[in-house]
Structure formats: structure tokens, C-alpha cells
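K.L.:
Provided below for reference: sequence and predicted model.
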Amino acid sequence: MRIAEHALLTDADRRAIAYNDSLDQRRVYPHESAIAALDAFDQPLPGTGREAGQVLHTLDELGSPATVTSNGPRYFGFVIGATLPAAAAAERLVLAWDQCASSFDGSPIADKLEKVAARWVCEALGLPRESAVGFGTSATACTLACLSAARRALLARHGWDFDQDGLIGAPEIRVVISETAHITVRKALRVLGFGMRRLQLAAVDEYGRIDPARLPDLDDRTLLILQAGEVNTGEFDRFAELIPKARAAGAWVHVDGAFGLWARTSSSAGLAEGVELADSWTTDGHKWLNTPYDSAMAICRDSDALAAAMNSDAAYAMASRDSQKNLTLEFSRRARAWRSGRHWPTWGAMACAR
Ligand SMILES: *Cc1c(COP(=O)(O)O)cnc(C)c1O
């Protein structure tokens, strides 16, 4: 069995390396014939398992030609991932570890590295060091986590116990978002029960940035959502003007910085000046940092707010406030902190430094 398992993993590695080696030569979008050949996968549910090596062979022979080469040098489609070799290498080892990275009990190593990575993220981005950082599956999921923490905290300030009493009869929380807010921010709001018709849209200037002169009134029941990096123009809202105004009014400010927040670590840091004044931030790992997919961060200045909103302690699974299961939507989860970045060396990058 061991020998067969070795052979299988070695074969998978050989195929993966051959695929990576071919990235420069591959067409970016698969040929029609490769897409048509995918019909071969459309078989009845097999009654018995297939030989694993054969499955791998089929996956490679039929699957690899039908991939989009977004990990290659000629992909100019969406703002999308392209995993670096350092990250892919760390991912291989992590897959062998196969940790349930919910808390220290499930994986001391994951717990340690994610705590270190959380500290480094805040330092690299120039965000408050006391912030909680949840490593979640996507900016969408992390935005959902941050916005639920925001609503819960705003309601608590008005004496409303969201956990026990829910939304029926609760004071209304107003949401002000940019006309150009990302669809996933709207999705998170919709899923959380903020009706689309009730959102107040902040008008934007010719660059797609919220125009501070036309910002709707804010108060201490308002959730203001800004963005660092708008998908069509790459523009940043004018944080240094908007955030102090919002905070003075008692509003909660969340920033969608899926890719743009990392401009803070570049020569374009000025674009995101003042973003550190917000209450919460979302960012992706798979975009600017070139980590594998399923890698994003929910960052919240008030660590208790995120920890309380995301808490999932049970009699059989108690853990510290800053355990990842208490900072993200996930309970069982893979660890994400050892993925790597081009501009930001995580443990993955350290294992295989560029
Ligand atoms: C990609 C993106 C998102 C959504 O991120 P996911 O990780 O795909 O959920 C949100 N906002 C902006 C600005 C983005 O570019």
C-alpha cells in the first residue's frame, strides 16, 4: 500500500511540475477541442472505485488541456490569482500535514503560524496592531464576517443584544456604500439581511471614488463601506477625508481592499493614506500576494467585536478568543497563514525564498 501511495504522490508531483513547466508555452484559453473532450467525464456514477493512478492520468490527460492558464505570464483577464512556486511548495507540505486548523487543540503549528501571520499582516499594512485577523476562504466570506461584527457592535452601542434578540425590532442600521461597490460587498449585505433597496448609495466622482462633498449624512447607526481598489478603474476612496468624518459621527467604517490594500506595502502607498483609521478591512491573499485560492483576511480593529460575532465555542470545542474558528465563518478549516507573497514573505516564502 505504501509503495502504491508513494508512486501515486510522485506521479501527481511529476504531472504538476510538468504542467508548471509548460505555463510559458500554453495557450491562455483552452482550445475548443479540449473543451469538447471534457464530455468524456460525463459518465454514469461508477458502481466501483477506479484505480487511483488511472484517475490521475485521466485528470491530467483530459483536464490539463482544458485549464485557463491564469498562472502563466500572458493572462490579462480578471484580477485573479497566480500562485508562486514558494506558495505551491508550502501548500504541498501543508496538504500532507492535513491539519484541522480551528484552534490550538486541532493544530498547534497552524495556531502559531496564523498568529504570527496576523501580526505581520497588520504590521505590513500599517493597520492597528491590536486588530484581530481571521484567515477565511475569500474576500466575500471575510466581508460577511466583518460586516456582521460591525452590525452587532453598532447595535450593542444602542443597548441591543443582537445575539439573543436578532433583528426583529432592532434599531435600524443604515448602510452607505459607493455607487461602484463590488458586487460581493452587496452580496454580503444582502445575505446579512440589509435590503438592497435600503442601501444609501454615495455618489462618485469621475474616477469612481466617493465624492466627499456628496456623502450622505452619517450617524452612530451607520455602516460606511469604502474601497481600496475599484475593479474597473483601480481607484481608491479618499480615506483621509472620509474616515475621520465618519468616525466623528460614530459610524463604523469598513474597507473592501481585496487587492488594493496591499498598495500600502508598495511605492503607491499614498493611494491608501488614512485607510488605517477605519474599523475593519477585508483583503485577499490570492490577488496581490499570489497565494493559492481560498485565502483572504478579515481584519477588525476591535478584536472582541469580530471574536464575539464569529464565536463557535461548544462544550466539546472550547478555544481562545483568537482561535481561527472564532474569527472566521469556518469551523473545520484549512490553515492559510503559510502561503507566500511576492512583496511580503510569509512562512511559505521563507521556506523557498525568492
Ligand atoms: C475580487 C474582489 C472581491 C471579492 O473577492 P473574493 O475573494 O473573490 O470573494 C471583492 N472586492 C474587490 C474589489 C475585488 O477585487
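P.N.:
Here it is on my side, so go on.

K.L.:
Residue 248: neighbour count?
P.N.:
9 (other C-beta atoms under 10 Å). (Each C-beta comes from the backbone N, C-alpha and C, glycine too.)

K.L.:
Give the residue spans of the stretch 1-150 of the chain that score low on pLDDT.
P.N.:
The model of the stretch 1-150 of the chain has pLDDT under 70 over residues 1.

K.L.:
May I have the secondary structure class of residue 223?
P.N.:
strand (DSSP: H, G, I helix; E, B strand; the rest coil).

K.L.:
what's around it, how many residues?
P.N.:
Neighbours of residue 223 using other C-beta under 10 Å come to 26.

K.L.:
Just list the residues touching it, thanks.
P.N.:
147, 150, 151, 154, 173, 174, 175, 176, 251, 252, 254 (C-beta atoms under 8 Å, 6 or more residues apart in numbering).

K.L.:
Where strands are concerned, which of these count?
P.N.:
174, 175, 176, 252, 254 (DSSP state E).

K.L.:
List just the nearest of those residues to the ligand.
P.N.:
residue 254 (11.7 Å; C-beta to the nearest ligand atom).

K.L.:
For the closest one, name its beta-bridge partners.
P.N.:
Note on residue 254: beta-bridge partners residue 225, residue 280, judged by DSSP bridges.

K.L.:
I'd guessed it sits against residue 298; true?
P.N.:
No: the pair residue 254 and residue 298 does not pass the contact test of C-beta atoms under 8 Å, sitting 9.9 Å apart.

K.L.:
Do me a favour and get the end-to-end distance for stretch 191-202?
P.N.:
Chord length of stretch 191-202, first to last residue, is 21 Å (C-alpha to C-alpha, to the nearest Å).

K.L.:
Give me the number of neighbouring residues for whichever residue of the stretch 201-350 of the chain sits closest to the ligand.
P.N.:
Using C-beta to the nearest ligand atom, residue 258 is the residue of the stretch 201-350 of the chain that sits closest to the ligand, at 3.2 Å. Residues near residue 258, counting by other C-beta under 10 Å, number 27.

K.L.:
So it: helix, strand or coil?
P.N.:
coil.

K.L.:
Look up the closest residue to it, ignoring the ones flanking it.
P.N.:
Spatial nearest neighbour of residue 258, chain neighbours left out: residue 139 (4.2 Å); criterion: C-beta to C-beta, 6 or more residues apart in numbering.

K.L.:
Now for the one you found, how many residues are close by?
P.N.:
Residue 139, neighbours per other C-beta under 10 Å, totals 27.

K.L.:
Give the full set of residues in contact with it.
P.N.:
Contacts of residue 139 by C-beta under 8 Å, 6+ apart are 184, 256, 258, 282, 283, 284, 296.

K.L.:
same thing but 7 Å
P.N.:
The contact partners of residue 139, by C-beta atoms under 7 Å, 6 or more residues apart in numbering, come to 184, 258, 282, 283, 284, 296.

K.L.:
Give me the residue at the spatial middle of this structure.
P.N.:
The chain has residue 296 as the residue nearest its centroid, 2.1 Å off, counting by C-alpha atoms, centre = their mean.
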